[in-house]
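> how would this look folded up:
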Amino acid sequence: MRDQRNFLIGLLVLAVGAVLIGQALGVLPAGLNDLLLRALPAVLIALGLGTVLRGRVPFASIIALALTAFIVVNIALVAFSGRAAQQRTDQTVVVSEAVGPNVTLVSLEIALLSSDLDLVADASGQRTVSGQFVGSTESAVDVTYADDGTGRAVLKITESQPNPFPDLEDVGRGKLALTLPTGVALDVAVHVQQGAATLNLDLLDLERLNLDVVRGDAIVNLPDYQPRSPSVTADPTAPMGTLTAADGGITVAVPSGVGARFELNRAGSGIDPQYDATLYNYLVGDVLESRNFDRAATQLRYVVSARGAIRITEIAR
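Residues are numbered from 1 along each chain as shown. Presented below is the predicted three-dimensional model:
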């Protein structure tokens, strides 16, 4: 019994000493240092468990350490989850990229971590992609724009978390809001790890759209625009993209008079799609198709995937 107690006390003293030395030398990342300081009361828990269990349960010291580690990990997860849900306004990254007069197609690639996304058309008619990211200082946002000189430009906006141990006080949600130019063909690819995505694209020349929201809901307003790029027209029966809310619901709005065909993937949820049966036919193979699809001037085809509810609505004109 004495050996078990001494082992536990010795191990905890060594751990606390190592943390204090790391702090004194300044070799611990700020976020890890903060986490370890918050976890120091766990030393008392380990000692208390070791004392209570000693003589009653075999391997009391090991069990005490395991239970303490379990408690600390779960408290840390709860703390970070709570902070991650809060909207932060600690930093602002401005996006302003002029689209040259010779550019006929803009490829927009967006990758976000724990941030919401809001895309909307620029009604002013200016050939500019503009907006801002507002969020935590623990988020690094990289914006690159390249015109290849062949009529195509690529705009990439990427959120990353360079600090592997973020400071708990600085953790939180962000939001990227962008206005996109009308009259310029757009190829849009969006990945959101955790957040809501609202894409108001109904006034844009949208050639292709691929949306991937891992955790969160999505709203997509599609335009009355028939894609013209060779990659789309080469196979008129192929989907123009995939709209995914892997662990959430998705609402897709289509302008009245536009023919739309949606191949559904409900990820085994069993949730029936919501749609107006006077506007859409439900076909074999889990497909929703506009009743006017064959005679519509604009025909859109997308794969819609969601574990939550899938809603297809109409944009009245």
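
> Could you list the domains of this protein?
2-84, 91-315 (automatic domain parsing).

> mean pLDDT lowest for which of the ones you listed?
Note on those: domain 2-84 shows the lowest mean pLDDT, a mean of 62.

> right, so the domains of the chain: which one is the most enclosed?
A comparison of the domains of the chain by mean neighbour count, using mean count of other CB atoms under 10 Å, puts domain 91-315 on top with a mean of 18. (C-beta placed from N, C-alpha, C; glycine too.)

> ok, residue 237 to residue 296 distance?
Separation of residue 237 from residue 296 (CB to CB, to the nearest Å) stands at 15 Å.

> what does residue 272 give?
As judged by CB to CB, residue 272 and residue 296 stand 25 Å apart.

> Check residue 90 too.
Residue 90 is 47 Å from residue 296, where distance means CB to CB.

> Same question for residue 258.
6 Å.

> what is in contact with these two at once?
Residues within reach of residue 258 and of residue 296 at once, by CB atoms under 8 Å, 6 or more residues apart in numbering, are residue 290.

> And the strands in the stretch 151-300 of the chain?
Per DSSP state E, counting those that start in this stretch, the stretch 151-300 of the chain carries strands over the ranges 152-160, 174-181, 185-194, 197-200, 205-215, 218-221, 242-245, 250-255, 259-265, 280-283, 287-290, 299-306.

> any chance of the ones you listed in CSV, plus distance to residue 120?
Conversion of the strands of the stretch 151-300 of the chain to CSV gives the following (distance: least, CB to CB, whole Å):
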stretch, distance to residue 120
strand 152-160, 15
strand 174-181, 6
strand 185-194, 13
strand 197-200, 4
strand 205-215, 13
strand 218-221, 9
strand 242-245, 17
strand 250-255, 14
strand 259-265, 21
strand 280-283, 26
strand 287-290, 25
strand 299-306, 19
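
> The ones you listed: which one's closest to residue 144?
strand 152-160 (4.8 Å; CB to CB).

> Starting from the closest one, tell me which strands it pairs with and how they run.
Within its sheet, strand 152-160 is paired with strand 105-112 (parallel), strand 140-147 (antiparallel), according to DSSP bridges.

> now the angle from the first one to strand 205-215?
I take that to be strand 105-112. Orientation check (axes from the mean of the first three to the mean of the last three CA atoms, to 10 degrees): strand 105-112 against strand 205-215 gives 10 degrees.

> So what touches the next helix or strand after strand 105-112?
Where DSSP states H and E defines the elements, the next helix or strand beyond strand 105-112 is strand 115-122. Strand 115-122 has contacts (CB under 8 Å, 6+ apart) with 110, 128, 130, 133, 135, 139, 159, 173-182, 188, 190, 192, 195-204, 216.
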